[in-house]
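[1] Sequence and predicted structure are below.
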Amino acid sequence: MDGFEFGGRIKVKLPEIGLGTWKIGGSFTPDHSMDEQLAGIVGRAIDMGYSLIDTAEVYGSGNAEQIVGNALKGRNVFIATKVWQSNLKYDDVLRAAEGSMRRLGIKTVDLYQIHWPSDHVPLRETMRAMEKLVWDGKVKFIGVCNFDEHLLDDARSYLSREDIVTDQVSYSLLDRGPEDTLLDYCRKENIGIIAYEPLARKKVFGGMIGQALSTVAKKTGKTEAQVSLNWLICKGALPIPKSTDIRHLKENIGAAGWRLSEDDVMKLDKAAGETGPEYSGK
Ligand SMILES: NC(=O)c1ccc[n+]([C@@H]2O[C@H](COP(=O)([O-])OP(=O)(O)OC[C@H]3O[C@@H](n4cnc5c(N)ncnc54)[C@H](OP(=O)(O)O)[C@@H]3O)[C@@H](O)[C@H]2O)c1
């Protein structure tokens, strides 16, 4: 599968699409009722070719990481996980990373991301801990989520030798917020955008966007989901749709490895510009 190369001083190669895991094994508390089946489904996704999985210590209060760990079975998958807001003090970051590695059954986290910025812990302290994790061989690459370009600048200024390679933000045909200023900054600095809620939790399939997706899907012989995910890839972003439905998993991975025409991207841009107030993500 074709992929992206992101990073300025520090470079990382990533696939064009990944798998999200929010609500796999619980939301903010664990739900163990489907652990085995879910590990089987994530395992099938890896068999299909998903080579990047995004998870977080807070998903199912660790259970999503545990399920992903059970699905890996020694296979080489790029693992992106996240440290929650309540663990951003220096020692807490180091401890949180150990917890994630234990649940995932891995010795190194490929991409360790700050899940949300904090108003309480100085960013300098958190970034020092992130850098220490890289120097100790526990983390390969540092990422953040939900940072605007000013916070990105700040965070990067606290790193001495490492750099931030990705910013994970809400981005879809229904939430084009990153296009205001963040995308330009990230393009200039070659920081990767990982697009969360890339299907706007299924809301892209409705309204004017849904109609435009259906027109482009008919024309290209792809599905609406594939067109909406490929629109993000065309914008240079890496979508991480969540699915536990085998048909959807197959469909979504089929969004990679090709490109919509410029004309179709513009048609979708236009439809997305006519949807009214910005999607709030909830
Ligand atoms: N960093 C952050 O702050 C942050 C915030 C939110 C999310 N995330 C990450 O981003 C990932 C994706 O976001 P999300 O899960 O909230 O939203 P999403 O990927 O936009 O939507 C997921 C929903 O779409 C459905 N779906 C998936 N593929 C489909 C298809 N081909 N056709 C129809 N329905 C489809 C899924 O149901 P089925 O399972 O039935 O397919 C699920 O209900 C998360 O899982 C998480 O890893 C990060």
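    Thanks, I have the structure now.

[2] show me what contacts the nearest residue to residue 138 once chain neighbours are set aside?
    Leaving out its chain neighbours, the residue that sits closest to residue 138 by C-beta to C-beta, 6 or more residues apart in numbering is residue 97, at 5.6 Å. In short, each C-beta sits where N, CA and C put it, glycine included. By C-beta atoms under 8 Å, 6 or more residues apart in numbering, residue 97 lies in contact with 83, 109, 112, 133, 138-139.

[3] is it true that residue 97 lies in a strand?
    No: counting by DSSP: H, G, I helix; E, B strand; the rest coil, one finds residue 97 to be helix, located in no strand.

[4] do you know how far it is from residue 273?
    41 Å (C-beta to C-beta, to the nearest Å).

[5] Residue 89 now?
    Residue 89 is 42 Å from residue 273, where distance means C-beta to C-beta.

[6] shouldn't residue 85 be in contact with residue 118?
    Yes: between residue 85 and residue 118 there is a contact under C-beta atoms under 8 Å: 5.2 Å.

[7] can you list the residues of the stretch 151-282 of the chain near the ligand?
    168, 196-202, 225, 240-245, 248, 251-252 (C-beta under 6 Å from any ligand atom).

[8] what sits opposite the residue in the chain positioned nearest to the ligand in the beta ladder?
    Among all residues of the chain, residue 20 sits closest to the ligand, at 2.4 Å; criterion: C-beta to the nearest ligand atom. Taking DSSP bridges as the rule, residue 20 bridges to residue 54, residue 242.

[9] Verify the contact between it and residue 244 for me.
    No: Residue 20 lies out of contact with residue 244 (C-beta under 8 Å); the separation is 10.4 Å.

[10] of these two, who's got more company?
    residue 20 (26 against 18; other C-beta atoms under 10 Å).

[11] ok, now which ones touch the more buried one?
    Counting by C-beta under 8 Å, 6+ apart, residue 20 has contacts 54, 196, 240-242.

[12] Then residue 172?
    Applying C-beta under 8 Å, 6+ apart, the residues near residue 172 are 195, 197-200, 204, 228, 232, 279.

[13] Identify those among the residues you listed that sit within strands.
    residue 195 (DSSP state E).

[14] Pick out the most distant pair among the contacts of residue 172.
    232 and 279 (14.2 Å; C-beta to C-beta).

[15] Buried residues, the worst-scoring helix or strand of the chain on mean pLDDT. List them.
    Within the chain, judged by mean pLDDT, DSSP states H and E, the helix or strand with the poorest mean is strand 3-6; its value is a mean of 92. Of the residues in strand 3-6, 3-4, 6 count as buried by neighbour count, 16 or more other C-beta atoms under 10 Å.
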